[in-house]
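Q: based on what follows, work out the 3D shape:
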Amino acid sequence: MSIRRVRNIIFLKDVSILSLTAFGGPQGHFGMFLDLLVGKRGYLTEEDLIELYALCQILPGPTSTQTITALGYKIGGPNLAYLTLLVWMFPAFCIMTTLAILVTTAQDLNFSLDFIRFIEPIAVGIVAYSSYRISIKVVNTKVGVGLMILSAFASFIFKSPYAFPILILFGGLATTWKYKKQPIEEKERIKVKWANLILWVSVLVFAAVLGGVTQYQPIKLFENFYRNGSLIFGGGQVLVPLLYTEFVEFKQYLTSQEFVSGYGFVQAIPGPVFSFSAYVGAISARDLGMAGQLLGAGMAAIGVFLPGTFLIFFVIRFWEQLKKYRIVKASLEGIVAVSAGMVIAAAFLLFMPMEQKPINFILLFATVGMMHFTKIPTPLIIVGGLVFGIVIA
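A: The predicted model follows:
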């Protein structure tokens, strides 16, 4: 067995360990990547990982998934990268799909889901605190604050999935005029290989046409999630307003409680937050039976993870040259601010349909307080709410 093959196997083993132990979203995942992939294994330097992570943050798609997939690409090429993606997402995908099937089965059997009712206010509290942290961490200019507030109002008022790409594009264009404030760097001629970008666009168009012609729900789910996965800047928190608007408000495939409870569940498991898509896809396909739910979960997960993978494969080849252009750096300020505004809107969108009971307000504010003033891991907060619900029920 060649040294290269052994190295690839060891890397996939490390990825599987991370998929079962990495909690806390991209920020939490980054710390574990740093410990295992840099400190213990030495696959790359700390500076290389930070730069790779920064690149993935400015691309649409799941940040931690793109980071670890791109590392697989650098180590062993496309084949290892796709295996890395599968190993990384598989445990969380299985857990969220199983939870979705259990939820729908319980409803079919008229089994009370009252024990999960406290997950909803806790999940709203998590989104609210996430919006606070994102806003104070990444938005630090007057223009950025203005764009964030505008984006929050627009996202809340225009409850259409088609409003989000327009807002993101507007945000990027709104700050390009500040490019002169960026430092000038010596630039090289950009050499672009277009294959992965063409593949990304081709799959998007093909899925939209095939879904429109067949009207087969699993294919339509793939198209829906592929489109959303192509538009999301900022990780799993930004996924929430897009999916809530499309699948709860617009298409009404899920109830608000089902959606928010699922988002609470995904906070309590390891792996990528984007695995929430499997839960939404499975419940959206509940009318097709258990086999249809499994297919819906698979189509949703593949759809939401693929765009970011194609895009990171495309960009990583010429990133060194592209990042030296000031107009690119300047546009990121607006994109990040608009994404932060979407998360703020998500907190309000999730809060509005929540049952207005004192216990729900107490749990919501208690969640925010614990996340801000203590070091209690988010999964433990979710599990605590679940146990409390079981005891009360």
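Q: next, the buried residues of stretch 36-48.
A: Across stretch 36-48, burial judged by 16 or more other Cβ atoms under 10 Å covers Leu36, Leu37, Val38, Tyr43, Leu44. For the C-beta atoms, the positions are set from N, CA and C on the backbone; glycine is no exception.
Q: how long is that stretch end to end?
A: End-to-end distance for stretch 36-48, by Cα to Cα, to the nearest Å: 14 Å.
Q: who touches that stretch?
A: Ile10, Phe11, Asp14, Ile17, Leu18, Leu34, Leu49, Leu52, Ile68, Leu71, Lys74, Ile75 (Cβ atoms under 8 Å, 6 or more residues apart in numbering).
Q: any chance of the residues you listed in JSON lines, plus neighbour count?
A: Converted to JSON lines, those look like this (neighbours: other Cβ atoms under 10 Å):
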{"residue": "Ile10", "neighbour count": "12"}
{"residue": "Phe11", "neighbour count": "22"}
{"residue": "Asp14", "neighbour count": "19"}
{"residue": "Ile17", "neighbour count": "13"}
{"residue": "Leu18", "neighbour count": "21"}
{"residue": "Leu34", "neighbour count": "15"}
{"residue": "Leu49", "neighbour count": "18"}
{"residue": "Leu52", "neighbour count": "21"}
{"residue": "Ile68", "neighbour count": "29"}
{"residue": "Leu71", "neighbour count": "22"}
{"residue": "Lys74", "neighbour count": "15"}
{"residue": "Ile75", "neighbour count": "16"}
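Q: okay if I get these as JSON lines plus pLDDT and distance to Glu355?
A: JSON lines is the format used below for these (pLDDT from 0 to 100; distance: Cβ to Cβ, whole Å):
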{"residue": "Ile10", "pLDDT": "91", "distance to Glu355": "50"}
{"residue": "Phe11", "pLDDT": "92", "distance to Glu355": "47"}
{"residue": "Asp14", "pLDDT": "91", "distance to Glu355": "44"}
{"residue": "Ile17", "pLDDT": "88", "distance to Glu355": "40"}
{"residue": "Leu18", "pLDDT": "87", "distance to Glu355": "37"}
{"residue": "Leu34", "pLDDT": "76", "distance to Glu355": "41"}
{"residue": "Leu49", "pLDDT": "75", "distance to Glu355": "44"}
{"residue": "Leu52", "pLDDT": "74", "distance to Glu355": "43"}
{"residue": "Ile68", "pLDDT": "92", "distance to Glu355": "39"}
{"residue": "Leu71", "pLDDT": "90", "distance to Glu355": "44"}
{"residue": "Lys74", "pLDDT": "84", "distance to Glu355": "49"}
{"residue": "Ile75", "pLDDT": "86", "distance to Glu355": "49"}
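Q: which ones among those are found in helices?
A: Mapping these onto helices (DSSP state H) picks out Ile10, Phe11, Asp14, Ile17, Leu18, Leu49, Leu52, Ile68, Leu71, Lys74, Ile75.
Q: returning to what we had before: which member of the buried residues of stretch 36-48 is positioned nearest Gly303?
A: Relative to Gly303, the closest of the buried residues of stretch 36-48 is Leu37; by Cβ to Cβ it sits at 27.2 Å.
Q: secondary structure class for that closest one?
A: Under DSSP: H, G, I helix; E, B strand; the rest coil, the three-state class of Leu37 is helix.
Q: quick one: buried residues of stretch 214-234?
A: Within stretch 214-234, the residues that count as buried by 16+ other Cβ under 10 Å are 217-234.
Q: do stretch 384-393 as well
A: Under the neighbour-count criterion of 16+ other Cβ under 10 Å, stretch 384-393 has Gly384, Gly385, Leu386, Phe388, Gly389 buried.
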